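Student: can you look at this prediction? I've put the sequence above it.
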Amino acid sequence: MAFGTASALMSLSGISIGRRWINRGASGVKPNIYMMLVGESSVARKSTSVTMSRKILSEADEHRVGPVDYTMEGLVRWMAQKNPETNKSRNKVMLYAEEFGSDLARMEAYAKTVMGDLCRLYDGETFTKVRAHGPEVTIDKPRVSMFAACAYDMLSRHLTFKDWSNGFLMRYLFVAPHTMRDKTALVPEHPTAEWQHAVTAFRVLRDDVVRNVGPLALTQQAADLYVQFSDFIDQQVASLSHLQQVYSQRFLTSVLKLALLFQIDLSPDTSVTEPAMRAAINFAYDNCWPSFLVCVEKTTSTDFQSLFEQVGRLIRQKPETKRALSRRFSGNRTLEDVIGYMQRMGLVNTKRSLNASGNPEDVLFWSH
């Protein structure tokens, strides 16, 4: 369900960038989103959901689908050129990455600047790229969304704490599956009536968006609901790590973007209503926020400071056994160093007790 909603939202983002935005702030809140589907390798059907979004956008608004090979030099060159069929700029584009783990591996090995460039494209300011062989390339006010799929193993292998601190991962919404479902078939070679109906409806929605390009406001009810949710998130993160507090502010902006997309699905030419805002909040808090917390754990577990904060937060909530922590951070070689440091500093104490099987084990509890 979460992956299906994510796929539909990202298709909506593809037709909406540059055509709709929320009339809020100095330059408005635009519906470009970087979203990453995450889960175990080969079983969560992440790539299938990304492929479905690519296919429906290709059939409904093909000029919005970016190149498959988005090396940064190739991407900016592609975006800087006019579309030969429409003679329009290609600065508004949806990027799809069904195997984002492979892209991360290439970034790590060969293209250290790609993450920074993707951050700049997300921010939407005029972008100039100095090419190794050739003249500079400038993209005027890019509007870029990205829909990616990545296995947890690749996240932990190729991303670290620095990828949060440099802002790259801060710009993503994450969606992990709640449960594994039976496999769903790919779109058949000859589309079913249901698929054709969906494509037709999406084309109608695209035409509605194109006819009335411009900003949407928030209704008072939607604005009040957003303020209530913002206050709730601020209270939730007050006891969390600095990284999570910083992410929460981008997360709240992403909720506005989602509300705009839900509203476009409901009615593309009216203000963002309370039902659209509520749908955005529910999707973001039920799916994206817990998925973000898992991804933080996966990508920062070898960083001492980050692991120190995570373990400390768990022990403050309730006493934890060393065995339980070892299971939670399976294979982490830094865990023993973190626990040892906490004990030496007097932050945690150890108590011997019997577990449910009657065997003795060490329990760690916060000493302050």
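Tutor: Arrived safely. Note that the coordinates shown come from a computational prediction; the quantities given were computed from them, not determined experimentally.
Student: so the spatially most central residue of the chain versus residue 252, what's the distance?
Tutor: For the chain, residue 173 is the residue whose C-alpha lies nearest the centre (Cα atoms, centre = their mean; 2.1 Å). For residue 173, the distance to residue 252 equals 12 Å [Cβ to Cβ, to the nearest Å]. Heads up, the C-betas are built off the backbone N, CA and C, glycines and all.
Student: what's the following helix or strand after the lengthiest strand in the chain?
Tutor: With secondary structure taken from DSSP state E, the chain has its longest strand at strand 143-151. Remark: after strand 143-151, the chain's next helix or strand is helix 152-158, criterion DSSP states H and E.
Student: okay, buried residues for the next helix or strand along the chain from that next one please.
Tutor: Remark: after helix 152-158, the chain's next helix or strand is helix 162-165, criterion DSSP H and E. Neighbour counts over helix 162-165 (16 or more other Cβ atoms under 10 Å) mark 163-165 as buried.
Student: next one: stretch 125-144
Tutor: Going by 16+ other Cβ under 10 Å, stretch 125-144 has these buried residues: 127, 129, 137, 139, 142-144.
Student: what about that stretch, average pLDDT?
Tutor: The average pLDDT within stretch 125-144 is 82.
Student: do the same with stretch 263-270
Tutor: On average, stretch 263-270 scores 94.
Student: ends of it, how far apart?
Tutor: Stretch 263-270 has an end-to-end distance of 8 Å (criterion: Cα to Cα, to the nearest Å).
Student: just how off-centre is that stretch within its chain?
Tutor: 23 Å (Cα atoms, centre = their mean, to the nearest Å).
Student: and for stretch 93-100, what are the contacting residues?
Tutor: Contact with stretch 93-100 is made by 10, 13-14, 17, 36, 46-47, 50-51, 53-54, 57, 64-66, 68, 70, 75, 79, 103, 142-150, 154, as judged by Cβ atoms under 8 Å, 6 or more residues apart in numbering.
Student: mind listing what the longest strand of the chain pairs with, with the direction of each?
Tutor: strand 34-39 (parallel), strand 92-97 (parallel) (DSSP bridges).
Student: what about the strands in this protein?
Tutor: Going by DSSP E, the chain shows strands at 20-22, 34-39, 92-97, 127-129, 137-139, 143-151, 172-175, 214-216, 320-321, 348-354, 360-366.
Student: who wins for proximity to residue 206 among those?
Tutor: strand 20-22 (11.4 Å; Cβ to Cβ).
Student: which strands and helices lie in contact with the closest one?
Tutor: strand 214-216, helix 242-266 (3 or more Cβ pairs under 8 Å, 6 or more residues apart in numbering; DSSP states H and E).
Student: tell me which of the ones you listed sits most buried.
Tutor: helix 242-266 (a mean of 20; mean count of other Cβ atoms under 10 Å).
Student: that one: how far from the chain's middle?
Tutor: 10 Å.
Student: angle of that helix against strand 143-151?
Tutor: 110 degrees (axes from the mean of the first three to the mean of the last three Cα atoms, to 10 degrees).
Student: tell me what helix 242-266 is packed against?
Tutor: helix 2-16, strand 20-22, helix 162-165, strand 172-175, helix 193-211, helix 220-237, helix 274-283, helix 289-300.
Student: adding mean pLDDT and distance to residue 313, write those out as CSV.
Tutor: Formatted as CSV, the helices and strands packed on helix 242-266 follow (pLDDT from 0 to 100; distance: least, Cβ to Cβ, whole Å):
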stretch, mean pLDDT, distance to residue 313
helix 2-16, 91, 25
strand 20-22, 95, 34
helix 162-165, 85, 16
strand 172-175, 96, 19
helix 193-211, 90, 43
helix 220-237, 95, 12
helix 274-283, 98, 24
helix 289-300, 87, 11
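Student: and the ones you listed: which comes nearest residue 28?
Tutor: strand 20-22 (4.0 Å).
Student: list of residues touching that closest one?
Tutor: 28-31, 209, 213-218, 256-257, 259-260, 264, 268, 272.
Student: rerun that using 7 Å as the cut-off
Tutor: Strand 20-22 has contacts (Cβ atoms under 7 Å, 6 or more residues apart in numbering) with 28-31, 209, 215-216, 218, 256, 260, 264, 272.
Student: just to revisit the earlier point, closest to residue 339 out of the strands paired with strand 143-151?
Tutor: Within the strands paired with strand 143-151, the stretch nearest residue 339 is strand 34-39; the backing value is 27.4 Å (Cβ to Cβ).
Student: what is the mean pLDDT for the closest one?
Tutor: Mean predicted confidence for strand 34-39 is 94.
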